[in-house]
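> I would like to see how this sequence folds:
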Amino acid sequence: MYRTADFPPPAKRLALLSLCTLTLLLGACAGQKPKPPTAAEQSVAQLQYWTIKGKLGVRAPGDSGSANMTWEQRTAPSYRINLSGPLGAGATVISGTPGGVTLQRGSEPPLRASNPAALTVQALGWPLPITEMFYWVRGLTAPGSAPTSEKRDARGLLQNLQQAGWNLTFSGYQNRGPYVLPTKIKASTDQGAGPVQVTLVIKDWQI
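A predicted model of the protein is given here:
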């Protein structure tokens, strides 16, 4: 038999219930705070200058193929990307400056724009999101567009990312000096020029 005195009065039970509910809500809000950068992200974010040598493959409705690629990053937003081979129609140079981006294909007159993805659609028929790739090639999420989803391994390295309308898979990393950097990235999108898949294989990081 339980005595009435063993149970708190209704008013006290309501107060305890309210306190528990508030505690749970505060805990849930705390869990929704942005995750702090991982140690790997903090390290590689310091890398601002590099030369990448590798191969770029593209599958798009109007064009498919591959090209050798050299990406010289001087400092954001100054860069020079050289594409050579069938995809680059012999030679394509994409140059970024604080004033915008310029694309020159073979002996054709150079084209200029403020948005590199829009410019590559105009000139090549498929988008190359260089603004976001400045971060993606280092295994970082790009600022300005919150990721729809992301998946990391036990070391905190990106494995899958959905951001800015692109789905990305990072299938390889290498140690280069103090950094752990991607070696293969597959990116696909259905926006703009239609279904496009871009594969970047990085054979050499020079930092």
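
> just the helices in the chain please.
Listed in chain order, the helices of the chain (DSSP state H) span 10-31, 39-44, 116-124, 130-136.

> got the buried residues for stretch 77-95?
By neighbour count with 16 or more other CB atoms under 10 Å, stretch 77-95 contains the buried residues 77, 79-83, 85, 87-89, 92-95. All C-beta spots, glycine's among them, are computed from the backbone N, C-alpha and C.

> now the end-to-end length of that stretch.
One end of stretch 77-95 sits 10 Å from the other (CA to CA, to the nearest Å).

> do stretch 145-162 as well
10 Å.

> what of stretch 52-71?
First-to-last residue span, stretch 52-71, CA to CA: 5 Å.

> who touches the closest residue in space to Leu119 that isn't next to it in sequence in this structure?
What sits nearest to Leu119 in space, not counting adjacent residues and going by CB to CB, 6 or more residues apart in numbering, is Ala113, at 4.0 Å. Contacts for Ala113 (CB atoms under 8 Å, 6 or more residues apart in numbering) come out as 100-101, 103, 119, 122.

> need the pLDDT of the residue positioned nearest the centre of the chain.
Nearest to the mean C-alpha position of the chain, counting by CA atoms, centre = their mean, stands Trp136 at 3.6 Å. We have a pLDDT of 98 for Trp136.

> for it, give me its contacts.
Trp136 neighbours (CB under 8 Å, 6+ apart): 142, 161, 168, 182, 185, 187.

> could I get these as JSON lines with neighbour count?
Listed next are the contacts of Trp136 as JSON lines, based on neighbours: other CB atoms under 10 Å:
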{"residue": "Ala142", "neighbour count": "18"}
{"residue": "Leu161", "neighbour count": "25"}
{"residue": "Leu168", "neighbour count": "25"}
{"residue": "Pro182", "neighbour count": "23"}
{"residue": "Ile185", "neighbour count": "22"}
{"residue": "Ala187", "neighbour count": "23"}
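
> quick check: the two most widely separated of these?
For the contacts of Trp136, the farthest-apart pair by CB to CB is Ala142 and Pro182; their separation is 13.8 Å.

> who does Lys186 bridge with?
Beta-bridge pairing for Lys186 (DSSP bridges): Thr169, Thr199.

> give me the number of residues near it?
By the other CB atoms under 10 Å criterion, the neighbourhood of Lys186 contains 16 residues.

> relative to Leu161, how far out is it?
11 Å (CB to CB, to the nearest Å).

> any shared contact partners between the two?
In contact with both Lys186 and Leu161: Leu168, using CB under 8 Å, 6+ apart.

> my guess is Ala67 contacts Leu56. True?
Yes. Using CB atoms under 8 Å, Ala67 makes contact with Leu56 at a distance of 5.3 Å.

> give me the common contacts of the two.
83, 87.

> excluding sequence neighbours, find me the nearest residue to Gly125.
Closest to Gly125 by CB to CB, 6+ apart is Gly62, at 4.1 Å.

> tell me who's in contact with that neighbour.
Here Gly62 is in contact with 125-126, 193 (CB under 8 Å, 6+ apart).
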